[in-house]
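Engineer: quick one, fold the following:
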Amino acid sequence: MGKGKLLRRAIEADRLSSLILFGPPGCGKTSLAWCIANITQANYVAINATTSNVEELRKIIAASKLRSANQKTILFIDEIHRFNKAQQDVLLPDVEEGAIILIGATVHNPYFSLTSALLSRSIVCELKALQIADLLSIINNALKDKDRGLGSFKIKADKKALNFLAKSCEGDARRALAALELGILTTAAGKDGQINFGLEIAQESIQKKAVVYDRDEDGHYDTASAFIKSMRGTDPDAAIYWMAKMLYAGEDPRFIARRVCILAAEDVGNADPLALVLANAALQISEFVGMPEARIPLAQAVIYVSCAPKSNASYLAIEKASQDIKENKVQEVPDHLKDTNYSGAEKLGHGLGYKYAHDYPDHFVKQKYTRKKVRYYEPTDIGHEAKIKERLEKIRGKG
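Structural biologist: Okay, here's the model as predicted:
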């Protein structure tokens, strides 16, 4: 919607084709559709796909054709993903001819829920969840607006209460406004006629208690630290508790998933290589499905990583190697290991004497892979790493 951006240019030039708005609840999909209709001075018809049918669609389209000479019609379909393929196909001819301007709103990924034919005729815009600053702006506007908001009431709103609402509503403006309205209208005014909207009322209004968890202060870092240390210390119950606290307070599940991935590599490592696979799967799934369902694969990964045998040998190896490079002369690549995929490499002696491991018994042959011998990785006797250690000792003992 920024100045000069595609959607804004199309609206201002009144050249908007069909549009699919995709985003979480309460991010402004319906409001944006209404604003577009108002700015373009089009006739605005709104329906919901959960209660509409083909017959209603045909009536709306027929009426828009009669009106088309004088005024465009914007047909807003909320929950458009609820329409089946046949219902979506009814829209195609008239969308293509311009008899209607379709604006569809959905919380589901349209590339999975809508037909490719409809998508090819539409601009798809993804709306993100509103930020805390956005929600605070909306809440404060509602408190001031006398015509459409609560401005006619004498209200003293506690800053902590408003911040709590903004943080607790997970980017959903509708939820924030509903809780604000409920809290104000159900709170008796004092003798001075003033309604005091405090933190306790905000908690009751949204049916959620406040948790001390500042995303950019101690609450955030302390809880994340306890979460990581609980997994490292093989206490799945404590780890799940701290994760639940973070999610309850509105922490981004991707932040949690990234921490699990890092710990799976740093503290579990090759003692159980599956830990990192599961952690990575939880990260991808949490990005794909979102909350609240994302908490389930995250919990599975957290419990698995917490219970897995621990080894930080891989972490120590890269730390030692990095320190070696930082403090000592950097080694040149041995000639027999250098790249040979260009003309002239052979004349330079590159690749000469290289032994291809698969040509030898057990697919192993002793040869130099660094000019100066180095040793960084020291596997432990724990879990799968014990097998790695056994094989490395056998190989290192050869030749």
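Engineer: how about the strands in the chain?
Structural biologist: All strands of the chain, identified by DSSP state E, fall at 18-22, 43-48, 73-78, 101-106, 122-126, 155-157, 195-197.
Engineer: compile those strands into a markdown table and extend it with columns for distance to Lys326.
Structural biologist: Where you see a C-beta, it was placed from the backbone N, CA and C, and this is true even at glycine. Listed next are the strands of the chain as a markdown table, based on distance: least, Cβ to Cβ, whole Å:
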| stretch | distance to Lys326 |
| --- | --- |
| strand 18-22 | 47 |
| strand 43-48 | 62 |
| strand 73-78 | 58 |
| strand 101-106 | 52 |
| strand 122-126 | 43 |
| strand 155-157 | 54 |
| strand 195-197 | 57 |
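Engineer: contact partners for Ile20?
Structural biologist: Neighbour list for Ile20: 80, 103-106, 110, 114, 119, 122-125 [criterion: Cβ atoms under 8 Å, 6 or more residues apart in numbering].
Engineer: what subset of those is buried?
Structural biologist: Neighbour counting over those (16 or more other Cβ atoms under 10 Å) leaves 80, 103-106, 110, 114, 119, 122, 125 as the buried ones.
Engineer: which of those residues sits closest to Ala86?
Structural biologist: The nearest member of the buried ones among the contacts of Ile20 to Ala86, counting by Cβ to Cβ, is Leu114 at 13.1 Å.
Engineer: and that closest one, what does it touch?
Structural biologist: Contact analysis of Leu114 by Cβ under 8 Å, 6+ apart lists 20, 80-81, 88, 104, 106.
Engineer: same check on Ile60?
Structural biologist: Ile60 makes contacts with 45, 47, 73, 75, 100, as judged by Cβ under 8 Å, 6+ apart.
Engineer: distance of it relative to Gly98?
Structural biologist: Remark: distance between Ile60 and Gly98 (Cβ to Cβ, to the nearest Å) = 15 Å.
Engineer: what do you get for Ile195?
Structural biologist: To Gly98, Ile195 is 50 Å away according to Cβ to Cβ.
Engineer: which of the two has more neighbours?
Structural biologist: The neighbour comparison of Ile195 against Gly98 (other Cβ atoms under 10 Å) goes to Ile195, with 19 against 11.
Engineer: ok so, going back, mind putting the strands of the chain in JSON lines, mean pLDDT included?
Structural biologist: Below are the strands of the chain laid out as JSON lines (pLDDT from 0 to 100):
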{"stretch": "strand 18-22", "mean pLDDT": "90"}
{"stretch": "strand 43-48", "mean pLDDT": "91"}
{"stretch": "strand 73-78", "mean pLDDT": "91"}
{"stretch": "strand 101-106", "mean pLDDT": "92"}
{"stretch": "strand 122-126", "mean pLDDT": "88"}
{"stretch": "strand 155-157", "mean pLDDT": "89"}
{"stretch": "strand 195-197", "mean pLDDT": "89"}
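Engineer: looking at these, which is closest to Thr234?
Structural biologist: Of the strands of the chain, nearest to Thr234 by Cβ to Cβ is strand 122-126, at 40.2 Å.
Engineer: run through the neighbouring helices and strands of the closest one.
Structural biologist: Judged by 3 or more Cβ pairs under 8 Å, 6 or more residues apart in numbering; DSSP states H and E, strand 122-126 is in contact with helix 6-12, strand 18-22.
Engineer: chain center to the longest one: distance?
Structural biologist: Taking the mean C-alpha point of helix 6-12 and that of its whole chain, the gap between them comes to 27 Å (Cα atoms, centre = their mean, to the nearest Å).
Engineer: from Met243, how far off is the residue of the chain most remote from its centre?
Structural biologist: In the chain, counting by Cα atoms, centre = their mean, Lys347 sits farthest out from the average C-alpha position, at 52.5 Å. Per Cβ to Cβ, Lys347 is found 60 Å from Met243.
Engineer: and if you look at Ile296?
Structural biologist: Distance, Ile296 to Met243, using Cβ to Cβ: 12 Å.
Engineer: more crowded one of these two?
Structural biologist: Taking neighbours as other Cβ under 10 Å, Ile296 and Met243 compare with Met243 leading, 26 against 13.
Engineer: tell me the contacts of that one?
Structural biologist: Contacts of Met243 by Cβ under 8 Å, 6+ apart are 227, 256, 295, 298-299, 302.
Engineer: and Lys326, how many neighbours?
Structural biologist: Neighbour count for Lys326, taken as other Cβ under 10 Å: 8.
Engineer: and what of the one 3 residues further on?
Structural biologist: Counted with other Cβ under 10 Å, the burial measure for Lys329 works out to 8 neighbours.
Engineer: over to Lys229?
Structural biologist: By the criterion of other Cβ under 10 Å, Lys229 has 15 neighbours.
Engineer: quick check, pLDDT for it.
Structural biologist: As predicted, Lys229 sits at a pLDDT of 94.
Engineer: now swap in Leu247 and tell me
Structural biologist: Value listed for Leu247 in the pLDDT field: 87.
Engineer: and what of Val211?
Structural biologist: On the pLDDT scale, Val211 is placed at 51.
Engineer: so where is the stretch 1-150 of the chain shaky, pLDDT-wise?
Structural biologist: 69 (pLDDT under 70).
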